[in-house]
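Colleague: Pasting the sequence and the predicted model now:
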Amino acid sequence: MNDRPIILGIVGDSAAGKTTLTKGIAQVLGPENVTVICTDDYHRYDRVQRAEIGISALHPDCNYLDIIEQHLALLRSGQAILKPIYNHSTGAFDPPEYIEPRQYVIVEGLLGYSTRKMLDSYDVKTYLAPPEPLRATWKIKRDTRKRGYTEEQVLAQLRQRESDSEAFIRPQRKWADLIVTFYPPDQTDIKSDNLMLNANLILRPTIPHPELSKILNAEGNHLGGAIRLGLSRDMGKPVDILEIDGHANLDQVRELEKMMCSEVPYLGQFCSLEGNQELGKLTGTTGETLQSYPLALTQLLITYHMLKAAHLL
């Protein structure tokens, strides 16, 4: 183990895809090497209390942000924590869990970038920003199938939470090193069950990204048009934009994967689609398993940054 764990932050609104992204990254690094923490476990009130008070789980006042800060600092120093557990099925709290940090710690949740102390705890920061209609579709499917809500209840909750999403969740985007947006190729198809989504990755110069321009550009490259790298501006600052189409094929993905992992060659055993068959895996509405190469490459790129941070440490 390094002197301290490498900590990745994954922040986004409810049902933005945080858990799906986390699972693939943990699969690359090896589940035995990864500790996953959800900051949504740190709610101050249970579901009944929130309804009585009239506050949403997205509001900072509904969460113990100071304890999140303390626990992130402890994890970063290699110390164990006693983490609360919020049960999303019952809306109540389960007994706390004793957690020891492994070599890599993934911290996902709604409010992970809310304070300066939290921000200082991360080595890599990712924000998920799917189109709002797509996120609503994902939330309806998840909450009706796994959490016992009706579609009408989920829609009502989305409306009630919108002001808090705008005030407290989306502003955290500005702190991220990578901003990830999955979206359907056909925007008119945004509410369908199509899982073969495109990916748009904003790569901010706050951390050193792999030199993808060696094989990619916006005008065309030997990988074809399915994977492109271009320049743009985000919040007034220059950024790289990596675009991966849902129809990208395995050969194209492996070429880009090989290039990324060549920069940390002695860690190359972690960076292999062939060795990590769970990368990019999604479960369809009828239970079938699909593989999304845009998702797989996104998971690999974030993993690359964690490995790079470990190497620099």
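Modeller: Here it is on my side, so go on. Numbering: from 1, shown residues only.
Colleague: Give the buried residues for stretch 147-164.
Modeller: Within stretch 147-164, the residues that qualify as buried are 149, 154, 157, 158, 161, 164, counting by 16 or more other CB atoms under 10 Å. Using the backbone N, CA and C atoms, a C-beta is placed for each residue, glycine as well.
Colleague: now, which of the residues you listed sits nearest residue 282?
Modeller: residue 154 (20.5 Å; CB to CB).
Colleague: Mark out where each domain of this protein begins and ends.
Modeller: 1-125, 177-313 (automatic domain parsing).
Colleague: what about those domains, which gets the closest to residue 133?
Modeller: Short answer: domain 177-313, nearest of the domains of the chain by CB to CB, at 4.8 Å.
Colleague: one step back: just the ones of the buried residues of stretch 147-164 in helices?
Modeller: Counting by DSSP state H, the buried residues of stretch 147-164 place 154, 157, 158, 161, 164 in helices.
Colleague: Could you export these as TSV, including pLDDT?
Modeller: Shown next, in TSV, are those (pLDDT from 0 to 100):
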residue	pLDDT
154	91
157	91
158	94
161	95
164	97
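Colleague: so which of the domains of the chain gets nearest residue 140?
Modeller: domain 1-125 (8.4 Å).
Colleague: What distance do you get for residue 169 to residue 201?
Modeller: Plainly put, residue 169 is 20 Å away from residue 201 if you go by CB to CB, to the nearest Å.
Colleague: With residue 140 instead?
Modeller: Using CB to CB, residue 140 is found at 26 Å from residue 201.
Colleague: Compare neighbour counts for these two and give me the winner.
Modeller: residue 201 (23 against 20; other CB atoms under 10 Å).
Colleague: The more buried one falls within a strand, correct?
Modeller: Yes: Residue 201: assigned to a strand according to DSSP: H, G, I helix; E, B strand; the rest coil.
Colleague: Check the residue lying closest to it once chain neighbours are set aside and give its pLDDT.
Modeller: Among residues not flanking residue 201 along the chain, residue 242 sits closest, at 4.2 Å (CB to CB, 6 or more residues apart in numbering). Here, the pLDDT recorded for residue 242 equals 92.
Colleague: ditto for the one 3 residues further on
Modeller: Model confidence at residue 245, expressed as pLDDT, equals 90.
Colleague: could you measure it against residue 179, distance?
Modeller: 18 Å.
Colleague: go on, residue 153?
Modeller: Relative to residue 179, and taking CB to CB, residue 153 is found at 30 Å.
Colleague: before we move on, what about residue 262?
Modeller: The value you get for residue 262 to residue 179, if CB to CB is used, is 25 Å.
Colleague: For the two, work out which one has more neighbours and name it.
Modeller: Just comparing residue 262 and residue 179: by other CB under 10 Å the higher neighbour count belongs to residue 179, 22 against 13.
Colleague: On the three-state scheme, that one is what?
Modeller: strand.
Colleague: give the contact list for it.
Modeller: 126, 127, 129, 173, 201, 202, 204, 234 (CB atoms under 8 Å, 6 or more residues apart in numbering).
Colleague: hang on, the third one packs against residue 181?
Modeller: In this case it means residue 129. Yes: with contacts counted by CB atoms under 8 Å, residue 129 reaches residue 181, the gap being 5.0 Å.
Colleague: okay, now residue 176: neighbour count?
Modeller: Neighbours of residue 176 (other CB under 10 Å): 24.
Colleague: any idea which helix is longest in the chain?
Modeller: Assigned via DSSP H, the chain shows its longest helix as helix 293-312.
Colleague: which stretches of the chain have low pLDDT?
Modeller: Low-confidence segments of the chain, defined by pLDDT under 70: 1-2, 187-195, 217-224, 263-278, 283-288.
Colleague: could you pull out the strands for it?
Modeller: Using DSSP state E, the strands assigned to the chain run over residues 6-11, 34-38, 81-87, 92-99, 104-109, 124-128, 178-183, 198-203, 227-234, 237-244, 281-283, 289-291.
Colleague: mind putting these in a markdown table, distance to residue 211 included?
Modeller: Output for the strands of the chain, formatted as a markdown table (distance: least, CB to CB, whole Å):
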| stretch | distance to residue 211 |
| --- | --- |
| strand 6-11 | 21 |
| strand 34-38 | 27 |
| strand 81-87 | 37 |
| strand 92-99 | 36 |
| strand 104-109 | 24 |
| strand 124-128 | 18 |
| strand 178-183 | 16 |
| strand 198-203 | 11 |
| strand 227-234 | 10 |
| strand 237-244 | 10 |
| strand 281-283 | 28 |
| strand 289-291 | 27 |
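Colleague: Return the most buried member of the ones you listed.
Modeller: Mean neighbour count (mean count of other CB atoms under 10 Å) peaks for strand 6-11 among the strands of the chain, with a mean of 27.
Colleague: That one packs against which elements?
Modeller: helix 18-29, helix 65-76, strand 104-109, strand 124-128, helix 293-312 (3 or more CB pairs under 8 Å, 6 or more residues apart in numbering; DSSP states H and E).
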